[in-house]
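Q: structure of the sequence below:
(3 chains)
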Amino acid sequence: MFGYWDALYFIYVLVIGMLIAHMLSRWAEKVSMGTRRSGDGTKIFISGEDEEKVIPQFEHFRGYVTGRHTMWGLIRGIHRMFLIFRREHNGLLTDYVAYLLITTAVVLGALVIWG
Amino acid sequence: MNHRSVRSDMGLIVKTTARATIPLIGIFGAYIVSHGHLTPGGGFQGGATIAGAGVLFLIAFGLEEAKKRYDHHAYSALESLGGLVFLGIAMLGLSVAFFYNMLWRKGIAFAGKPGTLLSAGYLPIMNLAVGLKVFAGLISAMMAISMYRRWKE
Amino acid sequence: MNVLPFLIIVPLMGAFSMPLSSLLGEKARSAWAVLVSALTLAVASKVFYDVWSTKQLLVYTLGDTTPLGKGVGFPIRILWEVDLFGALLALIVAFVAFMAIIYSLEYMKHDTGLEKYYTLITVLELGMLGIVITGDLFNFYVFLEIMSIASYALVAFRNDTWEGIEAGIKYMFVGSLASSFILLGIALLYGQYGTLTMSYLAVKIGQNPTFVGKAALGFFIGGLLFKSGAVPVHMWLADAHPAAPSSISAMLSGLVIKVGGIYALTRIAFSIYGTSINIKTVGWIIILFGCATLIVGNAMAVIQTDMKRLFAFSSVGQIGYILLGIGIGLAAYGTKVGDIALAGAVYHIVNHALMKALLFLVAGAVLHQIGTKNLNELSGLAKRMPFTSFAFLIGAAAIIGLPPLNGFASKWLIYESSALFNPFLAAVAVIGTAFCTAAYIRVLFTFFGRPSEVVDNAEEPGKAMMLPMLVLIVAIILMGLFPWQINDKIMLPTVDMLKDQLHYVAAVIGGA
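A: Model prediction:
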């Protein structure tokens, strides 16, 4: 049996998590709306840093390595997911029936093919 | 709303026919219940037939008349009684197994000649209990539906 | 003397005589309801102790001394067959139902039609007890319908609001369709193999696993996933559980979805089909639905503003963990990992029944005392209702899986086995828990935040509502103190008996 401190799976989870994080950052780079909104002469840093600031010796780095694109991309993505959940959950009886039929059909199909 | 919608009973012809047929329907239902072990049918079917007589009464004579003759507590008690009698008879066989006495066996009480009315041990009594429960339950359900309806005429 | 039939007789008699007892007055009816459920609990404890101490299956034939027909070698009678899994669930069902009935003495005091309420709640308990002890497929279906119809009616019990009626009607329509799928599965099996006894069916399917048998399993899984509230078909749950009175929600969320869905699924997959078909496929189907359930259920819980709806979605999420455990138990059948996963799933069924019952009782107390379950209005409840808030704190911490409480051990077993089975599943499980934590911390902040004017005059509920919560808190803490002992003494033997299909069959056919 396993004990309290047998936490081997955290290593697995860490590896998986890093892979997911890398994929996320690649994706977030595209989705991100940036960390900075500038209007008439103003410059507001939402994530608390200047995007245009160039760090000496690290000129080749672009802004997203600091993770702010990931942050905004995640926030927007999760927000959108919840919006979809909310919209889809309209509670029509026919929807419920349709989901039940689809579920059963999927299970049946899987069992017939691989069962 | 015209005058007719207030009156919930039907005309003279229907009432007279209903007066004649309600006892017959009741007797036929009682026959189905009591012969449940010999002929097709049984407690549920017979009870539903007897309840049909009640429904005919409700439709022909109207809700007002039916309300006078319907006592909620009495029917509720009758229904409970039906269930309890069924359960009690099933428990009588508990010394061997639950429901042991439901089927015909040698040496059972009321084990008459096969094919006659008194021939199936405890089964007819169970049928009577089921008939009572179904009859009381269906009548109560019909009364509830007609009394508590929410739509307008 | 064999006490098993009394597990059905006592609640059945209680249900039938409830209208009679209510003729004697309100006090007599309440006393009768409590007495009946206490007796049921006693019988269930006895059954559990018998099965647990002997580690033997309990077989009981209705109407005769032996399940076998005269002069033939196969069972022809309806029989009840209880293994440790069934006995454990019977115990939990009786316990939570007892708590719910005590709770409703005060909670339902202002409602009308209470004799129907107590009759239905006893019938609901009866149906669940029947499901866990039966060894006959059609008998199983009858009890499933008893349970389902009682819960349809109870969901719509508060018929003065549109919410209850709408949820009840939806639940009834789609639930009947799911039930008819299960019936179709039973009919297919009966047509193909000519028997309804689960153990004999196991033999027949093992000899000749046909296409029809597989199709029947598909219908079973579809219908039972609906009954357990897995994700594509979880919508009824989110409508029905918040709409019911809270004592009923505690039973629906804590017991009905597990007994009517998970238990039946497990029994059919392990005891009837077992290894006769490709068990890996069945396992993976359940795992995939479990993962979807896990993520969506917990994520949906985060955005709810209605407290009971949040708890209902959290139930969906927890069902996902249980399905994940059972799926791994099937896919890794016969290995150590599968055993651990299955033990975790069984353990989580028990734990979640206690936790979710407690949480719904807390929600009921808040609703009863303040009259709203909208989280936006309930800020700062902890100052006025400290006991209720403490009960919520314990329940929430347990459901998230904080170490000193009971939820930790079962979730840990599920994480552990899923990490060993497939690391991706472990990642999914951890993400689900993250959402779950977020959801409950939101409610916690609401309870402990700045008091709003709605809660200014709130008071603690009365004794009859506090007592069940207290008992459940004590049970959660006690179970949390001895997690591995419980696991070794109860859950692992349960898993051993559950997997032992040969013994399940032999107890009926060979034992006569």
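
Q: C:Leu41 sits in which helix or strand?
A: Assigned by DSSP states H and E, C:Leu41 belongs to helix C:26-54.

Q: go on, C:Ala345?
A: Here C:Ala345, judged by DSSP H and E, is contained in helix C:336-370.

Q: what packs against the helix or strand that that helix is followed by?
A: Later in the chain than helix C:336-370, the nearest helix or strand by DSSP H and E is helix C:381-384. The helices and strands touching helix C:381-384, judged by 3 or more C-beta pairs under 8 Å, 6 or more residues apart in numbering or on different chains; DSSP states H and E, are helix C:386-400, helix C:423-448. C-beta: built from backbone N, CA, C; applies to glycine.

Q: now do the helix or strand harbouring C:Ile322 and helix C:336-370, the angle between them.
A: Secondary structure from DSSP H and E places C:Ile322 in helix C:307-331. Per axes from the mean of the first three to the mean of the last three C-alpha atoms, to 10 degrees, the angle that helix C:307-331 makes with helix C:336-370 is 170 degrees.

Q: quick check, helix C:307-331 touching chain A?
A: No. Shown here: helix C:307-331 not in contact with chain A (C-beta under 8 Å from any C-beta of the partner chain), separated by at least 10.1 Å.

Q: quick revisit: list the buried ones in the helix holding C:Leu41?
A: With burial defined by 16 or more other C-beta atoms under 10 Å in any protein chain shown, the residues of helix C:26-54 counted as buried are C:29-30, C:32-34, C:36-37, C:39-41, C:43-48, C:50-52.

Q: list the buried residues in the helix holding C:Ala345.
A: Neighbour count says helix C:336-370 has C:337-370 buried, by 16+ other C-beta under 10 Å.

Q: which helices and strands sit right next to it?
A: Counting contacts by 3+ C-beta pairs under 8 Å, 6+ apart, helix C:336-370 is packed against helix C:84-107, helix C:246-251, helix C:307-331, helix C:386-400, helix C:406-421, helix C:463-481, helix C:492-499.

Q: residue of the stretch 301-450 of chain C nearest chain A, please.
A: In the stretch 301-450 of chain C, the residue that lies nearest chain A is C:Ala419 (2.9 Å; C-beta to the nearest C-beta).

Q: how about the spatially closest residue to B:Phe99 that is not a sequence neighbour, phi and psi?
A: Excluding its sequence neighbours, the residue lying closest to B:Phe99 (C-beta to C-beta, 6 or more residues apart in numbering or on different chains) is C:Gly63, at 4.3 Å. Phi and psi for C:Gly63, reported as degrees, to the nearest 10, are phi 80, psi 0.

Q: just give the number of residues close to C:Met497.
A: Other residues near C:Met497 number 22, with proximity taken as other C-beta atoms under 10 Å in any protein chain shown.

Q: tell me the confidence at it?
A: For C:Met497, the pLDDT comes out at 85.

Q: OK, contacts around it?
A: Going by C-beta atoms under 8 Å, 6 or more residues apart in numbering or on different chains, C:Met497 touches C:Lys55, C:Leu57, C:Asp83, C:Leu84, C:Phe85, C:His503.

Q: same deal with C:Tyr152?
A: Residues in contact with C:Tyr152 (C-beta under 8 Å, 6+ apart) are C:Gly168, C:Tyr171, C:Met172, C:Gly175.

Q: near chain A, list only the ones from those residues.
A: Of these, not one also sits near chain A (C-beta under 8 Å from any C-beta).

Q: which stretch of helix or strand covers C:Val59?
A: Here C:Val59 sits within strand C:58-61, counting by DSSP H and E.

Q: strand partners of that strand, parallel vs antiparallel please.
A: In the sheet, strand C:58-61 lines up against strand C:79-82 (antiparallel) (DSSP bridges).

Q: can you list contacts of the partner strand?
A: Applying C-beta under 8 Å, 6+ apart, the set of residues contacting strand C:79-82 from outside is C:4, C:47, C:51, C:57-62, C:67, C:90, C:132-136, C:139, C:197-199, C:504, C:507-508.

Q: go again using 7 Å as the cut-off
A: Applying C-beta atoms under 7 Å, 6 or more residues apart in numbering or on different chains, the external contacts of strand C:79-82 come out as C:4, C:47, C:51, C:57-62, C:67, C:133-136, C:197, C:199, C:507-508.

Q: okay, that strand in CSV with CA atoms only?
A: C-alpha atoms of strand C:79-82 as CSV (Å, rounded to 0.1, in the frame of the first residue of the first chain):
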residue,chain,number,x,y,z
LEU,C,79,-32.6,-13.8,-5.1
TRP,C,80,-30.8,-11.2,-3.1
GLU,C,81,-27.0,-11.4,-3.0
VAL,C,82,-25.1,-9.0,-0.8
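
Q: centre of the chain to that strand, how far?
A: Distance of strand C:79-82 from the chain centroid (C-alpha atoms, centre = their mean, to the nearest Å) equals 19 Å.

Q: so what's residue 93 closest to, chain neighbours aside?
A: All of this is about chain A. Spatial nearest neighbour of A:Leu93, chain neighbours left out: C:Lys170 (5.4 Å); criterion: C-beta to C-beta, 6+ apart.

Q: let me rephrase: I mean chain C.
A: Closest to C:Val93 by C-beta to C-beta, 6+ apart is C:Met128, at 4.7 Å.

Q: just give the number of residues close to the one you found.
A: By other C-beta under 10 Å, the residues close to C:Met128 number 31.

Q: same question, the one 4 residues further on
A: By other C-beta under 10 Å, the residues close to C:Val132 number 28.

Q: tell me which stretches of chain B form strands.
A: Remark: strands of chain B are absent; assignment by DSSP state E.

Q: now the closest residue to chain C within it: how far from B:Ala77?
A: For chain B, the residue closest to chain C is B:Gly83, as judged by C-beta to the nearest C-beta, at 3.5 Å. B:Gly83 sits 11 Å away from B:Ala77, going by C-beta to C-beta, to the nearest Å.

Q: what does C:Leu492 give?
A: Between C:Leu492 and B:Ala77 the computed distance is 50 Å (C-beta to C-beta).

Q: now do C:Lys463
A: Taken as C-beta to C-beta, the span from C:Lys463 to B:Ala77 is 32 Å.

Q: between these two, point out the one with more neighbours.
A: Higher neighbour count among C:Lys463 and B:Ala77: B:Ala77, with 17 against 11, using other C-beta under 10 Å.

Q: which residue would be the closest one in chain A to chain B?
A: Residue nearest to chain B within chain A: A:Leu93 (20.0 Å; C-beta to the nearest C-beta).
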